[in-house]
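Peer 1: no FASTA, just this:
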(Lines give C-alpha, C1' and ligand atoms only; values in the text may rest on other atoms or scores of the structure.)
Protein backbone atom coordinates (compact mmCIF):
# COMPACT_ATOMS: atom_id res chain seq x y z
CA UNK A 1 0.00 0.00 0.00
CA UNK A 2 1.28 3.46 -0.86
CA UNK A 3 1.37 6.35 1.58
CA UNK A 4 -1.86 8.34 1.33
CA UNK A 5 -0.05 11.62 1.75
CA UNK A 6 2.93 11.54 -0.63
CA UNK A 7 1.66 8.62 -2.73
CA UNK A 8 5.25 7.66 -3.37
CA UNK A 9 6.57 5.58 -0.55
CA UNK A 10 5.35 2.40 1.07
CA UNK A 11 2.91 3.02 3.95
CA UNK A 12 4.08 1.38 7.13
CA UNK A 13 2.15 3.37 9.71
CA UNK A 14 -1.53 2.84 10.28
CA UNK A 15 -3.30 5.60 12.15
CA UNK A 16 -6.81 5.58 13.54
CA UNK A 17 -8.20 8.88 14.64
CA UNK A 18 -11.53 10.48 15.40
CA UNK A 19 -11.99 13.61 13.35
CA UNK A 20 -15.20 15.62 13.59
CA UNK A 21 -17.05 12.67 14.98
CA UNK A 22 -15.97 10.27 12.28
CA UNK A 23 -13.51 7.46 12.63
CA UNK A 24 -10.80 7.91 10.01
CA UNK A 25 -7.96 5.62 9.12
CA UNK A 26 -4.77 6.64 7.40
CA UNK A 27 -1.84 4.75 5.97
CA UNK A 28 1.34 6.76 5.96
CA UNK A 29 5.02 6.28 5.22
CA UNK A 30 7.41 6.97 8.13
CA UNK A 31 8.41 10.40 6.77
CA UNK A 32 4.84 11.63 6.37
CA UNK A 33 3.88 10.15 9.72
CA UNK A 34 6.67 12.16 11.33
CA UNK A 35 5.53 15.23 9.41
CA UNK A 36 2.02 14.94 10.85
CA UNK A 37 3.34 14.69 14.38
CA UNK A 38 3.03 10.94 14.79
CA UNK A 39 6.76 10.54 14.49
CA UNK A 40 7.89 11.08 18.04
CA UNK A 41 5.67 8.30 19.34
CA UNK A 42 6.86 5.71 16.94
CA UNK A 43 10.32 5.31 18.29
CA UNK A 44 8.87 3.12 21.02
CA UNK A 45 8.78 -0.60 20.68
CA UNK A 46 5.03 -0.66 21.09
CA UNK A 47 4.66 0.41 17.53
CA UNK A 48 7.48 -1.58 16.10
CA UNK A 49 5.75 -4.84 16.74
CA UNK A 50 5.10 -5.60 13.08
CA UNK A 51 8.71 -4.95 12.23
CA UNK A 52 9.82 -6.90 15.24
CA UNK A 53 7.89 -9.94 14.15
CA UNK A 54 8.91 -9.36 10.55
CA UNK A 55 12.63 -9.40 11.18
CA UNK A 56 12.13 -12.26 13.51
CA UNK A 57 10.32 -14.21 10.82
CA UNK A 58 13.19 -13.75 8.39
CA UNK A 59 15.68 -15.13 10.82
CA UNK A 60 13.60 -18.25 11.10
CA UNK A 61 12.98 -18.54 7.39
CA UNK A 62 9.21 -18.44 7.81
CA UNK A 63 7.13 -20.47 5.43
CA UNK A 64 9.54 -23.31 5.84
CA UNK A 65 7.62 -24.76 8.73
CA UNK A 66 4.16 -26.11 8.06
CA UNK A 67 3.27 -26.59 11.72
CA UNK A 68 -0.21 -25.40 12.58
CA UNK A 69 -1.98 -24.89 15.90
CA UNK A 70 -4.29 -27.85 16.45
CA UNK A 71 -6.95 -25.71 18.08
CA UNK A 72 -7.28 -22.65 15.85
CA UNK A 73 -5.32 -23.61 12.75
CA UNK A 74 -2.87 -20.68 12.84
CA UNK A 75 0.59 -21.20 11.44
CA UNK A 76 3.51 -19.25 12.86
CA UNK A 77 3.62 -17.34 9.60
CA UNK A 78 0.05 -16.12 10.24
CA UNK A 79 1.08 -14.91 13.68
CA UNK A 80 4.26 -13.24 12.43
CA UNK A 81 2.45 -11.49 9.59
CA UNK A 82 -0.34 -10.00 11.70
CA UNK A 83 1.37 -9.70 15.08
CA UNK A 84 -1.70 -11.45 16.47
CA UNK A 85 -1.65 -14.82 18.19
CA UNK A 86 -4.57 -17.07 17.20
CA UNK A 87 -5.58 -18.63 20.49
CA UNK A 88 -4.27 -19.53 23.93
CA UNK A 89 -2.94 -22.88 22.67
CA UNK A 90 -0.78 -21.14 20.07
CA UNK A 91 1.33 -19.98 23.02
CA UNK A 92 2.10 -23.64 23.78
CA UNK A 93 2.40 -24.72 20.17
CA UNK A 94 4.73 -21.88 19.14
CA UNK A 95 6.32 -21.20 22.53
CA UNK A 96 9.90 -21.55 21.24
CA UNK A 97 9.20 -19.36 18.24
CA UNK A 98 7.42 -16.65 20.25
CA UNK A 99 9.86 -16.51 23.13
CA UNK A 100 12.52 -14.28 21.52
CA UNK A 101 9.93 -11.60 20.66
CA UNK A 102 8.38 -11.86 24.10
CA UNK A 103 11.81 -11.39 25.58
CA UNK A 104 12.38 -8.39 23.37
CA UNK A 105 9.03 -6.77 24.17
CA UNK A 106 9.00 -7.31 27.92
CA UNK A 107 12.62 -7.97 28.78
CA UNK A 108 11.41 -10.90 30.87
CA UNK A 109 9.83 -14.24 30.19
CA UNK A 110 8.08 -15.37 33.33
CA UNK A 111 4.91 -14.06 34.87
CA UNK A 112 4.49 -12.58 38.30
CA UNK A 113 1.36 -10.96 39.71
CA UNK A 114 -2.27 -11.94 39.84
CA UNK A 115 -3.11 -15.56 39.01
CA UNK A 116 -6.17 -17.02 37.37
CA UNK A 117 -8.25 -19.63 39.21
CA UNK A 118 -6.74 -22.30 36.95
CA UNK A 119 -3.14 -21.58 38.01
CA UNK A 120 -1.15 -24.42 39.63
CA UNK A 121 -0.06 -24.62 43.27
CA UNK A 122 3.63 -24.19 42.62
CA UNK A 123 3.21 -20.94 40.72
CA UNK A 124 0.86 -19.72 43.44
CA UNK A 125 3.52 -20.14 46.11
CA UNK A 126 6.31 -18.83 43.90
CA UNK A 127 4.21 -15.83 43.09
CA UNK A 128 3.49 -15.03 46.71
CA UNK A 129 7.19 -15.25 47.50
CA UNK A 130 8.00 -12.74 44.76
CA UNK A 131 5.23 -10.48 46.02
CA UNK A 132 6.41 -10.72 49.65
CA UNK A 133 10.00 -10.01 48.64
CA UNK A 134 8.85 -6.90 46.82
CA UNK A 135 6.81 -5.74 49.81
CA UNK A 136 9.74 -6.50 52.11
CA UNK A 137 11.94 -4.25 50.02
CA UNK A 138 9.35 -1.48 50.25
CA UNK A 139 8.90 -1.98 54.00
CA UNK A 140 12.64 -1.66 54.57
CA UNK A 141 12.72 1.47 52.44
CA UNK A 142 9.96 3.07 54.51
CA UNK A 143 11.50 1.73 57.75
CA UNK A 144 8.45 -0.33 58.71
CA UNK A 145 10.54 -2.95 60.48
CA UNK A 146 7.71 -4.76 62.21
CA UNK A 147 6.04 -5.36 58.87
CA UNK A 148 9.39 -6.38 57.40
CA UNK A 149 9.89 -9.01 60.08
CA UNK A 150 6.44 -10.44 59.44
CA UNK A 151 7.13 -10.58 55.73
CA UNK A 152 10.48 -12.29 56.26
CA UNK A 153 8.78 -15.01 58.34
CA UNK A 154 6.08 -15.43 55.72
CA UNK A 155 8.74 -15.86 53.01
CA UNK A 156 10.46 -18.57 55.04
CA UNK A 157 7.15 -20.36 55.51
CA UNK A 158 6.39 -20.14 51.81
CA UNK A 159 9.82 -21.41 50.80
CA UNK A 160 9.22 -24.43 53.00
CA UNK A 161 5.88 -25.25 51.40
CA UNK A 162 7.46 -24.64 47.99
CA UNK A 163 9.98 -27.38 48.77
CA UNK A 164 7.23 -29.72 49.89
CA UNK A 165 5.25 -28.99 46.76
CA UNK A 166 8.30 -29.74 44.60
CA UNK A 167 8.89 -33.02 46.42
CA UNK A 168 5.24 -33.95 45.90
CA UNK A 169 5.51 -33.43 42.15
CA UNK A 170 8.83 -35.29 42.03
CA UNK A 171 7.22 -38.17 43.92
CA UNK A 172 4.36 -38.26 41.43
CA UNK A 173 6.68 -38.30 38.45
CA UNK A 174 8.91 -40.96 40.02
CA UNK B 1 1.51 34.52 42.89
CA UNK B 2 0.44 32.61 46.02
CA UNK B 3 1.88 29.19 46.55
CA UNK B 4 4.74 28.17 44.29
CA UNK B 5 3.44 25.94 41.52
CA UNK B 6 5.92 23.17 42.12
CA UNK B 7 5.13 22.90 45.82
CA UNK B 8 1.43 22.18 45.46
CA UNK B 9 0.31 18.91 47.00
CA UNK B 10 -2.83 18.53 44.93
CA UNK B 11 -1.81 17.26 41.51
CA UNK B 12 -5.09 17.76 39.68
CA UNK B 13 -3.43 20.63 37.83
CA UNK B 14 -1.59 17.97 35.81
CA UNK B 15 -3.45 14.69 36.29
CA UNK B 16 -6.89 14.59 34.69
CA UNK B 17 -7.84 10.97 35.24
CA UNK B 18 -6.65 7.45 36.01
CA UNK B 19 -7.42 4.34 34.02
CA UNK B 20 -6.77 0.67 34.69
CA UNK B 21 -7.41 -1.90 31.99
CA UNK B 22 -7.25 -5.70 32.22
CA UNK B 23 -7.12 -7.92 29.13
CA UNK B 24 -8.66 -11.36 29.57
CA UNK B 25 -9.56 -14.23 27.24
CA UNK B 26 -11.61 -17.38 27.44
CA UNK B 27 -9.55 -20.55 27.27
CA UNK B 28 -11.96 -22.46 25.08
CA UNK B 29 -12.33 -19.96 22.25
CA UNK B 30 -9.80 -18.66 19.74
CA UNK B 31 -8.85 -15.00 20.13
CA UNK B 32 -11.16 -12.50 18.33
CA UNK B 33 -8.92 -12.29 15.22
CA UNK B 34 -9.68 -15.97 14.61
CA UNK B 35 -13.43 -15.84 15.21
CA UNK B 36 -16.28 -15.17 12.81
CA UNK B 37 -19.25 -13.05 13.83
CA UNK B 38 -21.26 -16.07 14.94
CA UNK B 39 -18.55 -17.23 17.34
CA UNK B 40 -18.02 -13.70 18.58
CA UNK B 41 -21.73 -13.49 19.42
CA UNK B 42 -21.43 -16.72 21.38
CA UNK B 43 -18.50 -15.35 23.40
CA UNK B 44 -20.39 -12.10 23.96
CA UNK B 45 -23.39 -14.08 25.27
CA UNK B 46 -21.18 -16.05 27.68
CA UNK B 47 -19.50 -12.95 29.07
CA UNK B 48 -22.82 -11.13 29.30
CA UNK B 49 -24.33 -14.04 31.26
CA UNK B 50 -21.31 -14.10 33.61
CA UNK B 51 -21.80 -10.39 34.36
CA UNK B 52 -25.57 -10.10 34.38
CA UNK B 53 -26.77 -13.63 35.15
CA UNK B 54 -28.17 -14.85 38.45
CA UNK B 55 -24.75 -15.72 39.89
CA UNK B 56 -23.33 -12.28 39.43
CA UNK B 57 -22.89 -9.90 42.35
CA UNK B 58 -22.66 -6.87 40.12
CA UNK B 59 -25.56 -7.54 37.76
CA UNK B 60 -27.96 -4.79 38.77
CA UNK B 61 -25.47 -2.01 38.21
CA UNK B 62 -24.40 -2.98 34.68
CA UNK B 63 -26.22 -2.61 31.42
CA UNK B 64 -25.36 -4.45 28.23
CA UNK B 65 -25.04 -2.67 24.91
CA UNK B 66 -24.89 -4.56 21.66
CA UNK B 67 -22.50 -2.45 19.63
CA UNK B 68 -24.08 -3.20 16.24
CA UNK B 69 -27.33 -1.60 17.42
CA UNK B 70 -25.86 1.83 18.11
CA UNK B 71 -25.97 4.75 15.71
CA UNK B 72 -22.61 6.03 14.47
CA UNK B 73 -22.87 9.10 16.76
CA UNK B 74 -23.61 7.01 19.83
CA UNK B 75 -20.67 4.74 19.05
CA UNK B 76 -18.22 7.60 18.43
CA UNK B 77 -19.43 9.34 21.57
CA UNK B 78 -18.36 6.28 23.58
CA UNK B 79 -14.84 6.81 22.25
CA UNK B 80 -14.93 10.51 22.98
CA UNK B 81 -15.92 9.75 26.56
CA UNK B 82 -13.01 7.26 26.77
CA UNK B 83 -15.35 4.35 27.44
CA UNK B 84 -14.17 2.32 24.46
CA UNK B 85 -11.19 2.40 22.10
CA UNK B 86 -11.36 3.76 18.54
CA UNK B 87 -10.53 0.23 17.36
CA UNK B 88 -13.63 -1.12 19.12
CA UNK B 89 -16.06 0.85 16.97
CA UNK B 90 -14.27 0.37 13.63
CA UNK B 91 -16.11 -2.94 13.19
CA UNK B 92 -18.99 -3.38 15.61
CA UNK B 93 -20.31 -6.80 14.57
CA UNK B 94 -20.26 -9.36 17.37
CA UNK B 95 -19.03 -6.82 19.89
CA UNK B 96 -20.70 -5.95 23.16
CA UNK B 97 -20.19 -3.47 25.95
CA UNK B 98 -21.02 -3.73 29.63
CA UNK B 99 -21.34 -0.33 31.21
CA UNK B 100 -21.59 0.51 34.91
CA UNK B 101 -24.39 2.97 35.75
CA UNK B 102 -21.99 5.81 36.59
CA UNK B 103 -19.82 4.96 33.53
CA UNK B 104 -16.70 4.49 35.65
CA UNK B 105 -16.41 0.87 34.49
CA UNK B 106 -16.71 -0.31 30.91
CA UNK B 107 -16.14 -3.87 29.78
CA UNK B 108 -15.46 -4.31 26.08
CA UNK B 109 -16.27 -7.74 24.68
CA UNK B 110 -14.40 -8.93 21.59
CA UNK B 111 -12.18 -5.94 21.11
CA UNK B 112 -8.59 -7.15 20.68
CA UNK B 113 -9.26 -9.64 23.47
CA UNK B 114 -12.46 -11.37 24.55
CA UNK B 115 -12.73 -9.22 27.66
CA UNK B 116 -11.28 -5.82 28.40
CA UNK B 117 -12.17 -4.51 31.83
CA UNK B 118 -11.60 -0.78 32.13
CA UNK B 119 -11.97 1.41 35.19
CA UNK B 120 -11.70 5.19 34.99
CA UNK B 121 -11.41 7.43 38.03
CA UNK B 122 -11.04 11.20 38.13
CA UNK B 123 -7.67 12.63 39.20
CA UNK B 124 -4.91 10.29 40.37
CA UNK B 125 -6.41 7.17 41.95
CA UNK B 126 -4.35 4.21 40.78
CA UNK B 127 -5.00 2.07 43.84
CA UNK B 128 -8.73 2.73 43.85
CA UNK B 129 -9.06 2.00 40.14
CA UNK B 130 -6.94 -1.13 40.45
CA UNK B 131 -8.96 -2.50 43.39
CA UNK B 132 -12.20 -2.12 41.49
CA UNK B 133 -10.84 -3.72 38.30
CA UNK B 134 -9.36 -6.52 40.40
CA UNK B 135 -12.71 -7.23 42.06
CA UNK B 136 -14.58 -7.36 38.76
CA UNK B 137 -11.89 -9.59 37.28
CA UNK B 138 -12.14 -12.00 40.22
CA UNK B 139 -15.91 -12.18 39.78
CA UNK B 140 -15.43 -13.14 36.13
CA UNK B 141 -12.69 -15.62 37.04
CA UNK B 142 -15.11 -17.46 39.33
CA UNK B 143 -17.47 -18.12 36.44
CA UNK B 144 -15.30 -18.30 33.35
CA UNK B 145 -12.16 -20.26 32.41
CA UNK B 146 -9.53 -17.71 31.55
CA UNK B 147 -6.67 -18.40 29.17
CA UNK B 148 -3.75 -18.56 31.59
CA UNK B 149 -0.35 -20.15 31.50
CA UNK B 150 1.87 -20.59 34.57
CA UNK B 151 4.89 -19.23 32.73
CA UNK B 152 3.36 -16.45 30.65
CA UNK B 153 0.45 -15.43 32.87
CA UNK B 154 -2.77 -14.23 31.24
CA UNK B 155 -2.65 -14.94 27.52
CA UNK B 156 -3.71 -12.26 25.09
CA UNK B 157 -4.10 -11.88 21.35
CA UNK B 158 -1.19 -9.48 21.16
CA UNK B 159 1.99 -10.63 22.95
CA UNK B 160 2.54 -7.07 24.16
CA UNK B 161 -0.19 -7.64 26.77
CA UNK B 162 0.63 -11.09 28.15
CA UNK B 163 1.48 -11.54 31.82
CA UNK B 164 -0.71 -9.34 33.97
CA UNK B 165 -2.68 -8.12 30.97
CA UNK B 166 -2.83 -4.84 32.83
CA UNK B 167 -2.38 -1.40 31.41
CA UNK B 168 -2.41 1.43 33.93
CA UNK B 169 -2.64 4.93 32.50
CA UNK B 170 -2.73 8.48 33.68
CA UNK B 171 -4.23 11.20 31.55
CA UNK B 172 -1.98 14.21 31.90
CA UNK B 173 -2.23 17.81 30.80
CA UNK B 174 1.27 18.85 29.77
CA UNK B 175 0.95 22.20 27.98
CA UNK B 176 4.28 23.59 29.18
CA UNK B 177 6.31 20.53 28.21
CA UNK B 178 4.55 20.41 24.85
CA UNK B 179 5.20 24.12 24.30
CA UNK B 180 8.85 23.72 25.19
CA UNK B 181 9.24 20.96 22.60
CA UNK B 182 10.45 18.44 25.16
CA UNK B 183 7.86 15.74 24.49
CA UNK B 184 9.86 13.88 21.85
CA UNK B 185 12.83 13.49 24.13
CA UNK B 186 10.65 12.56 27.08
CA UNK B 187 8.82 9.87 25.16
CA UNK B 188 12.14 8.35 24.09
CA UNK B 189 13.45 8.18 27.63
CA UNK B 190 10.15 6.82 28.97
CA UNK B 191 10.41 3.93 26.52
CA UNK B 192 13.62 2.88 28.23
CA UNK B 193 11.77 2.73 31.54
CA UNK B 194 9.06 0.46 30.21
CA UNK B 195 6.51 3.25 29.88
CA UNK B 196 4.87 4.88 26.91
CA UNK B 197 3.24 8.27 26.39
CA UNK B 198 0.75 8.98 23.63
CA UNK B 199 -2.21 11.11 22.54
CA UNK B 200 -5.51 11.53 24.32
CA UNK B 201 -7.42 8.69 22.70
CA UNK B 202 -4.70 6.08 22.97
CA UNK B 203 -2.68 4.31 20.36
CA UNK B 204 -1.90 6.31 17.26
CA UNK B 205 -3.90 9.39 18.19
CA UNK B 206 -2.85 13.00 18.17
CA UNK B 207 -2.23 14.76 21.52
CA UNK B 208 -5.18 17.14 21.20
CA UNK B 209 -5.10 20.01 23.61
CA UNK B 210 -1.80 18.86 25.15
CA UNK B 211 -3.57 15.93 26.79
CA UNK B 212 -1.37 12.85 26.99
CA UNK B 213 -1.78 9.32 28.20
CA UNK B 214 1.10 7.85 30.20
CA UNK B 215 0.98 4.06 30.61
CA UNK B 216 3.06 1.05 31.49
CA UNK B 217 4.28 -0.90 28.47
CA UNK B 218 5.75 -3.99 30.09
CA UNK B 219 3.23 -6.50 31.43
CA UNK B 220 5.27 -9.68 31.82
CA UNK B 221 7.52 -10.34 34.80
CA UNK B 222 6.32 -7.31 36.72
CA UNK B 223 3.41 -7.53 39.14
CA UNK B 224 0.44 -5.19 38.98
CA UNK B 225 1.51 -3.43 42.17
CA UNK B 226 5.07 -2.89 40.98
CA UNK B 227 3.89 -1.62 37.61
CA UNK B 228 1.52 0.81 39.31
CA UNK B 229 4.16 2.08 41.74
CA UNK B 230 6.59 2.47 38.89
CA UNK B 231 4.06 4.45 36.87
CA UNK B 232 3.28 6.65 39.86
CA UNK B 233 6.94 7.41 40.52
CA UNK B 234 7.63 8.39 36.95
CA UNK B 235 4.40 10.40 36.73
CA UNK B 236 5.47 12.39 39.79
CA UNK B 237 8.76 13.23 38.09
CA UNK B 238 6.95 14.25 34.93
CA UNK B 239 4.56 16.38 37.00
CA UNK B 240 7.40 18.24 38.65
CA UNK B 241 9.08 18.77 35.28
CA UNK B 242 5.85 20.15 33.86
CA UNK B 243 5.40 22.42 36.87
CA UNK B 244 8.93 23.77 36.65
CA UNK B 245 8.43 24.56 33.00
CA UNK B 246 5.09 26.22 33.83
CA UNK B 247 6.77 28.34 36.46
CA UNK B 248 9.23 29.56 33.85
CA UNK B 249 6.55 30.21 31.25
CA UNK B 250 4.12 31.89 33.64
CA UNK B 251 6.11 35.16 33.63
CA UNK B 252 6.44 35.21 29.87
CA UNK B 253 4.29 37.99 28.45
CA UNK B 254 3.65 36.30 25.10
CA UNK B 255 2.48 33.14 26.86
CA UNK B 256 0.17 35.20 29.09
CA UNK B 257 -1.09 37.01 26.02
CA UNK B 258 -2.05 33.71 24.38
CA UNK B 259 -3.84 32.54 27.52
CA UNK B 260 -5.88 35.72 27.94
CA UNK B 261 -6.74 35.81 24.24
CA UNK B 262 -7.92 32.23 24.40
CA UNK B 263 -10.13 33.06 27.36
CA UNK B 264 -11.57 35.96 25.38
CA UNK B 265 -12.33 33.86 22.33
CA UNK B 266 -13.91 31.10 24.39
CA UNK B 267 -16.19 33.66 26.07
CA UNK B 268 -17.32 35.47 22.97
CA UNK B 269 -16.90 33.25 19.91
CA UNK B 270 -20.03 32.34 17.95
CA UNK B 271 -18.41 29.46 16.08
CA UNK B 272 -15.78 27.08 17.43
CA UNK B 273 -14.35 24.13 15.52
CA UNK B 274 -13.36 21.11 17.58
CA UNK B 275 -9.63 21.52 17.03
CA UNK B 276 -9.69 25.24 17.83
CA UNK B 277 -11.86 24.63 20.87
CA UNK B 278 -9.54 21.94 22.25
CA UNK B 279 -6.54 24.17 21.73
CA UNK B 280 -8.24 27.10 23.47
CA UNK B 281 -9.52 24.97 26.35
CA UNK B 282 -6.02 23.62 26.84
CA UNK B 283 -4.71 27.18 27.05
CA UNK B 284 -7.50 28.13 29.43
CA UNK B 285 -6.60 25.18 31.63
CA UNK B 286 -2.98 26.30 31.45
CA UNK B 287 -4.17 29.67 32.73
CA UNK B 288 -5.94 28.06 35.69
CA UNK B 289 -2.86 25.96 36.34
CA UNK B 290 -0.58 28.96 36.69
CA UNK B 291 -3.10 30.75 38.89
CA UNK B 292 -4.65 33.26 36.49
CA UNK B 293 -8.31 32.25 36.45
CA UNK B 294 -9.07 31.57 40.09
CA UNK B 295 -12.82 31.57 39.50
CA UNK B 296 -12.60 28.55 37.21
CA UNK B 297 -11.88 24.99 38.22
CA UNK B 298 -10.32 21.99 36.48
CA UNK B 299 -13.55 20.00 36.52
CA UNK B 300 -15.26 22.57 34.33
CA UNK B 301 -12.49 22.35 31.73
CA UNK B 302 -12.12 18.54 31.96
CA UNK B 303 -15.83 18.22 31.46
CA UNK B 304 -15.89 20.64 28.53
CA UNK B 305 -13.03 18.84 26.78
CA UNK B 306 -15.31 15.80 26.45
CA UNK B 307 -18.58 17.69 26.05
CA UNK B 308 -17.40 19.59 22.94
CA UNK B 309 -16.41 16.46 21.00
CA UNK B 310 -18.58 16.26 17.87
CA UNK B 311 -20.44 12.99 18.48
CA UNK B 312 -21.00 13.70 22.16
CA UNK B 313 -22.32 17.14 21.19
CA UNK B 314 -24.82 15.53 18.81
CA UNK B 315 -25.74 12.84 21.28
CA UNK B 316 -26.54 15.41 23.96
CA UNK B 317 -28.56 17.54 21.54
CA UNK B 318 -30.29 14.42 20.29
CA UNK B 319 -29.96 14.96 16.54
CA UNK B 320 -27.51 14.96 13.65
CA UNK B 321 -25.89 18.32 13.03
CA UNK B 322 -23.91 19.80 10.16
CA UNK B 323 -20.34 20.88 10.85
CA UNK B 324 -21.36 24.52 11.12
CA UNK B 325 -24.27 23.77 13.42
CA UNK B 326 -21.91 21.82 15.62
CA UNK B 327 -19.44 24.71 15.72
CA UNK B 328 -22.25 27.05 16.72
CA UNK B 329 -23.56 24.79 19.50
CA UNK B 330 -20.02 24.07 20.70
CA UNK B 331 -19.41 27.81 21.11
CA UNK B 332 -22.69 28.08 22.99
CA UNK B 333 -21.90 25.19 25.32
CA UNK B 334 -18.51 26.68 26.17
CA UNK B 335 -19.87 30.19 26.61
CA UNK B 336 -22.65 29.01 28.92
CA UNK B 337 -20.27 26.96 31.05
CA UNK B 338 -17.86 29.88 31.42
CA UNK B 339 -20.64 32.43 32.07
CA UNK B 340 -21.85 30.35 34.98
CA UNK B 341 -18.47 30.97 36.58
CA UNK B 342 -18.41 34.75 36.62
CA UNK B 343 -15.15 36.61 37.00
CA UNK B 344 -15.09 38.48 40.33
CA UNK B 345 -15.25 42.24 39.71
CA UNK B 346 -11.95 42.86 41.47
CA UNK B 347 -10.07 40.75 38.93
CA UNK B 348 -11.76 41.96 35.81
CA UNK B 349 -9.29 44.65 34.97
CA UNK B 350 -6.08 42.80 35.51
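Peer 2: Yep, it's here. Since we're looking at a predicted model, the values are computed, not measured.

Peer 1: so who does the spatially closest residue to residue B:42 that is not a sequence neighbour touch?
Peer 2: Distance criterion CB to CB, 6 or more residues apart in numbering or on different chains; nearest residue to residue B:42, sequence neighbours excluded, is residue B:29 at 7.7 Å. All C-beta atoms are positioned from the backbone trio N, CA, C, and that covers glycine. Residues in contact with residue B:29 (CB atoms under 8 Å, 6 or more residues apart in numbering or on different chains) are A:87, B:35, B:39, B:42-43, B:114.

Peer 1: farthest-separated two in those residues?
Peer 2: A:87 and B:42 (14.6 Å; CB to CB).

Peer 1: what about those two, which has more around it?
Peer 2: residue A:87 (27 against 14; other CB atoms under 10 Å in any protein chain shown).

Peer 1: could you confirm that one falls within a helix?
Peer 2: No. Judged by DSSP: H, G, I helix; E, B strand; the rest coil, residue A:87 forms no part of a helix; its state is coil.

Peer 1: that one contacts residue B:32, doesn't it?
Peer 2: No. Residue A:87 sits out of contact with residue B:32 when judged by CB atoms under 8 Å, with a separation of 10.2 Å.

Peer 1: show me the shaky parts of the stretch 101-250 of chain B.
Peer 2: Scanning the stretch 101-250 of chain B for pLDDT under 70 picks out B:201-207.

Peer 1: pretty sure residue B:180 sits against residue B:246.
Peer 2: No. Residue B:180 is beyond contact range of residue B:246, at 9.9 Å (criterion: CB under 8 Å).

Peer 1: which SS class is residue B:295?
Peer 2: Residue B:295 - assigned by three-state DSSP - is coil.

Peer 1: re earlier: want to try TSV for the contacts of residue B:29, with distance to residue A:137 and secondary structure as columns?
Peer 2: Putting the contacts of residue B:29 into TSV (distance: CB to CB, whole Å; DSSP: H, G, I helix; E, B strand; the rest coil) gives the following:
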residue	distance to residue A:137	secondary structure
A:87	37	coil
B:35	43	coil
B:39	45	helix
B:42	45	helix
B:43	40	helix
B:114	35	coil
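
Peer 1: among those residues, which one sits closest to residue B:150?
Peer 2: residue A:87 (17.5 Å).

Peer 1: longest helix of chain A?
Peer 2: When chain A is parsed with DSSP state H, its longest helix is helix A:145-173.

Peer 1: is any residue of it near chain B?
Peer 2: No. Helix A:145-173 does not reach chain B (CB under 8 Å from any CB of the partner chain); its nearest approach is 12.4 Å.

Peer 1: residue ranges of each domain in the chain, please.
Peer 2: Let's take chain A. Split into domains by automatic domain parsing, chain A comes to A:1-47, A:48-109, A:121-170.

Peer 1: correction: the question concerned chain B.
Peer 2: B:15-244, B:251-342.

Peer 1: of those, flag the one that's most buried.
Peer 2: Across these, the average number of neighbours (mean count of other CB atoms under 10 Å in any protein chain shown) peaks for domain B:15-244, which reaches a mean of 20.

Peer 1: measure that one end to end?
Peer 2: Counting by CA to CA, to the nearest Å, you get 15 Å between the two ends of domain B:15-244.

Peer 1: what's the spacing between that domain and its chain's center?
Peer 2: 10 Å (CA atoms, centre = their mean, to the nearest Å).

Peer 1: averaged pLDDT, the longest helix of chain A. What do you get?
Peer 2: For helix A:145-173, the mean per-residue pLDDT is 84.

Peer 1: other SSEs contacting it?
Peer 2: helix A:121-141 (3 or more CB pairs under 8 Å, 6 or more residues apart in numbering or on different chains; DSSP states H and E).

Peer 1: what helix or strand is the residue nearest to the spatial centre of chain A on?
Peer 2: Centroid-nearest residue in chain A, with CA atoms, centre = their mean: residue A:102, separated by 5.1 Å. Counting by DSSP states H and E, the element that carries residue A:102 is helix A:95-106.

Peer 1: from residue B:71, how far out is the most centrally placed residue in chain B?
Peer 2: Nearest to the mean C-alpha position of chain B, counting by CA atoms, centre = their mean, stands residue B:82 at 4.8 Å. Remark: distance between residue B:82 and residue B:71 (CB to CB, to the nearest Å) = 19 Å.

Peer 1: quick one: mean pLDDT over the longest strand seen in chain B.
Peer 2: As assigned by DSSP state E, the longest strand anywhere in chain B is strand B:15-24. Averaged across strand B:15-24, the pLDDT comes to 97.

Peer 1: please name the strands paired to it in the sheet, noting orientation.
Peer 2: strand B:115-122 (antiparallel), strand B:166-173 (antiparallel) (DSSP bridges).
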